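>>> give me the fold of what follows.
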Amino acid sequence: MVIVAALGISSIFAVYTFIGPFITDAARRDASLIPIALAVFGLGMAAGNHLGGRVADRYENRGLIWGYSAVLALLALIGVAGGNLFVLLPCLFGVGATMMYAIPTIQVRLTGFAPDAPTLMGALNLAELNLANSLGAIGGAITLDAGWGTLSTVWAGFALTGAGLLLYLVTVARVKPVPRSAEQLSWSGTPAGGRALTPCDRRGHHTARWVSTLCARSSCSDLGQAGRGLEAASVEVVRW
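Numbers count the residues shown, from 1 in each chain. This is a model prediction of the structure:
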């Protein structure tokens, strides 16, 4: 999944890194338009992230597959007609939006493979973003050094994202994430039944977990002492 994310997300950096040359060299416009192009790109990212989060909550694969596929179409459009400013700017918005549309699904899928280590999976997500940054910029630099033109960087991104999407479809998309435990569902606020947990539910759950831990760690064999421990725990639940 980390490789899928690093390859797929790299195209956003194959575009973002070279927005300046896209405006001044490809579209032949004044450099004063570069901040506007960057703002358009950023607005697209904000919009895509908002929508992508909703999709990631409901669908397992749709956000990534649709996001990567849309990015590929927009990259091809930039590569063919990006010299026209009125094509370039909407496409910049679209690339930012569609890639950020996919990223929440990446995070959810990654966490699903190790639900007991969400912090570690979050760190891996940031690591793959940094790797994607390097891959996109390096791929774009290679095409420029080869003399293929300013807009050739998007084709480097196209190849990388295409590889990421293909790898996802033949490998990760077929693997089901690990189901979340009851404890994790209590933290998210929605148990298996779909009813939102109340503060009292959460307190009772954490007390039950404490009782379970107490019983597991207890070395006494005296049933009376164990009963007193459970009675104290029950009193604590009632008090809460």
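>>> and the helix or strand hosting residue 52, what does it pack onto?
Here residue 52, judged by DSSP states H and E, is contained in helix 34-58. For helix 34-58, the packing partners by 3 or more C-beta pairs under 8 Å, 6 or more residues apart in numbering; DSSP states H and E come out as helix 19-21, helix 62-81, helix 85-112. All C-beta atoms are positioned from the backbone trio N, CA, C, and that covers glycine.
>>> can you redo those helices as JSON lines with distance to residue 12, mean neighbour count and mean pLDDT?
Shown next, in JSON lines, are the helices and strands packed on helix 34-58 (distance: least, C-beta to C-beta, whole Å; neighbours: other C-beta atoms under 10 Å; pLDDT from 0 to 100):
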{"stretch": "helix 19-21", "distance to residue 12": "11", "mean neighbour count": "16", "mean pLDDT": "95"}
{"stretch": "helix 62-81", "distance to residue 12": "8", "mean neighbour count": "20", "mean pLDDT": "95"}
{"stretch": "helix 85-112", "distance to residue 12": "4", "mean neighbour count": "23", "mean pLDDT": "92"}
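>>> ok, which of the ones you listed comes nearest residue 30?
Closest to residue 30 of these is helix 85-112 (C-beta to C-beta; 10.7 Å).
>>> what helices or strands is that closest one leaning on?
Using 3+ C-beta pairs under 8 Å, 6+ apart as the test, helix 85-112 ends up in contact with helix 2-16, helix 34-58, helix 62-81, helix 118-145.
>>> residue 36: what's it in contact with?
residue 89 (C-beta atoms under 8 Å, 6 or more residues apart in numbering).
>>> hmm, try it at 6 Å
Counting by C-beta atoms under 6 Å, 6 or more residues apart in numbering, residue 36 makes contact with nothing.
>>> for it, give its distance to residue 29.
10 Å (C-beta to C-beta, to the nearest Å).
>>> where does this protein have low pLDDT?
Scanning the chain for pLDDT under 70 picks out 173-240.
>>> make it 50
Scanning the chain for pLDDT under 50 picks out the ranges 182-227, 229-240.
>>> circling back: most tightly surrounded among the helices and strands packed on helix 85-112?
With neighbours taken as mean count of other C-beta atoms under 10 Å, the helices and strands packed on helix 85-112 reach their highest mean count in helix 2-16, at a mean of 25.
>>> contact partners of it?
Here helix 2-16 makes contact (C-beta under 6 Å, 6+ apart) with 68, 71, 95, 99, 106, 124, 128, 131-133, 135-137, 139-140, 153, 156-157, 160-161, 163-164, 167-168, 172.
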